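Chemist: Build me a model from this:
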Amino acid sequence: ALCATSAKTDQTAIARILSEHGRTDFLAGWLRERGADWAADLIPDLSNLIPQAEEETHHEDT
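Modeler: All right, here's what the predicted structure looks like:
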């Protein structure tokens, strides 16, 4: 679903999905577009996690 997506129709779909879902939700939108709803459902919501660099900095301070 992610490889060999360089046809004009793919580029049009990419632009549409970006405008509809934004960068944050692009992957799920693209997978659904390609008929891989099951894969989109596996993408976790990671918005509540601490970014790795911030977490490493925090550990260095303790």
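
Chemist: Would you map the helices across this structure?
Modeler: Counting by DSSP state H, the chain has helices at residues 8-21, 26-33, 37-41, 52-61.

Chemist: So which elements touch the shortest one?
Modeler: In other words, helix 37-41. Here helix 37-41 touches helix 26-33, going by 3 or more C-beta pairs under 8 Å, 6 or more residues apart in numbering; DSSP states H and E. In this view, the C-beta of every residue, glycine as well, is placed from N, C-alpha and C.

Chemist: which residues are in contact with the helix it packs on?
Modeler: Residues outside helix 26-33 that contact it (C-beta atoms under 8 Å, 6 or more residues apart in numbering) are Ala1, Leu2, Ala13, Ile14, Ile17, Leu18, Glu20, His21, Asp37, Ala39, Ala40, Ile43.

Chemist: For that helix, list every residue counted as buried.
Modeler: Leu27, Ala28, Gly29, Trp30, Leu31, Arg32, Glu33 (16 or more other C-beta atoms under 10 Å).

Chemist: quick revisit: out of the contacts of helix 26-33, which are buried?
Modeler: Among the contacts of helix 26-33, those that count as buried by neighbour count (16+ other C-beta under 10 Å) are Ala13, Ile14, Ile17, His21, Ala39, Ala40.

Chemist: The third one and Pro44, how far apart?
Modeler: Think Ile17. Distance, Ile17 to Pro44, using C-beta to C-beta, to the nearest Å: 20 Å.
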